[in-house]
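Peer 1: Pasting the sequence and the predicted model now:
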Amino acid sequence: MADKLAVPVIRAFWAIDLPQELKSALGSLQERLRADLPPAHWPPPENFHLTLAFLGNIPETALSQALEAGRQVAAAHHPFSLHTAELGAFPDPKRARILWLGLQAEASLARLVLDLQQSMGALGLNPDDKSFIPHLTLARMKGPVPVHLDAPKLSATVQVRELVLFQSTAGPRGSIYIPLGTSPLG
């Protein structure tokens, strides 16, 4: 009996990348928050993005199909705006594990996410099916801790014109995100 060769996989997710100015502003917000919070992992500003569909480990052979399906979904949606909102915590502020900055968007964002998730699911690339809450992760706590969400505000607007399929690889300082392809919105 012949051994099956392992199919190489990549850890992938669809996201909206953010402009450098916003990434820098988010880094400054992290610095202001750091002094008032318990020990945490603070992702580097270059990693900030809005995850739309986390695919997990997918076969490399499915990459071209995922990119093509993403292009089709993106082409069916118009560009839109995102606006920064309030700070939040998962699962809640009394026992926070993740500190995040919320994002407000037109209803078109929810439709885009649903279409993208359904398209990936049709390919057998079952995206994470958690409820979609648009947010940017600012910190990951080392354990559940209470946090106060009365931090300085960050007011910014982002024009969303494309989706990006990223590969996530582990690095010495945390995850490294490598863009694999972009899909412009209609």
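Peer 2: Done, it's in. Numbers count the residues shown, from 1 in each chain.
Peer 1: just the helices in this structure please.
Peer 2: 20-34, 63-75, 107-122 (DSSP state H).
Peer 1: which ones are touching residue 132?
Peer 2: Contact analysis of residue 132 by C-beta atoms under 8 Å, 6 or more residues apart in numbering lists 52, 110, 113. To be clear about C-beta, it is placed using only N, CA and C from the backbone, and glycine gets the same treatment.
Peer 1: Can you flag the buried ones in these?
Peer 2: Using 16 or more other C-beta atoms under 10 Å as the burial test, the contacts of residue 132 include 52, 113 as buried.
Peer 1: would you turn the contacts of residue 132 into a markdown table with pLDDT and distance to residue 186?
Peer 2: Output for these, formatted as a markdown table (pLDDT from 0 to 100; distance: C-beta to C-beta, whole Å):
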| residue | pLDDT | distance to residue 186 |
| --- | --- | --- |
| 52 | 96 | 16 |
| 110 | 94 | 16 |
| 113 | 96 | 16 |
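Peer 1: Residue 38: neighbour count?
Peer 2: Neighbourhood size, residue 38 [other C-beta atoms under 10 Å]: 12.
Peer 1: you'd agree it is up against residue 142?
Peer 2: Yes: contact criterion C-beta atoms under 8 Å: residue 38 and residue 142 qualify, at 7.2 Å.
Peer 1: so which of the contacts of residue 132 comes closest to residue 162?
Peer 2: Residue 162 lies nearest to residue 52 out of these, by C-beta to C-beta, at 11.6 Å.
Peer 1: Report the central residue of the chain.
Peer 2: With distances taken as C-alpha atoms, centre = their mean, residue 51 lies nearest the centre of the chain, 2.2 Å away.
Peer 1: separation between that one and residue 163?
Peer 2: 11 Å (C-beta to C-beta, to the nearest Å).
Peer 1: Identify the contacts common to those two.
Peer 2: Taking C-beta under 8 Å, 6+ apart as the contact rule, the neighbours common to residue 51 and residue 163 are 14-15.
Peer 1: Please enumerate the strands of the chain.
Peer 2: 9-17, 40-41, 49-59, 80-90, 96-105, 135-145, 157-160, 162-171, 174-184 (DSSP state E).
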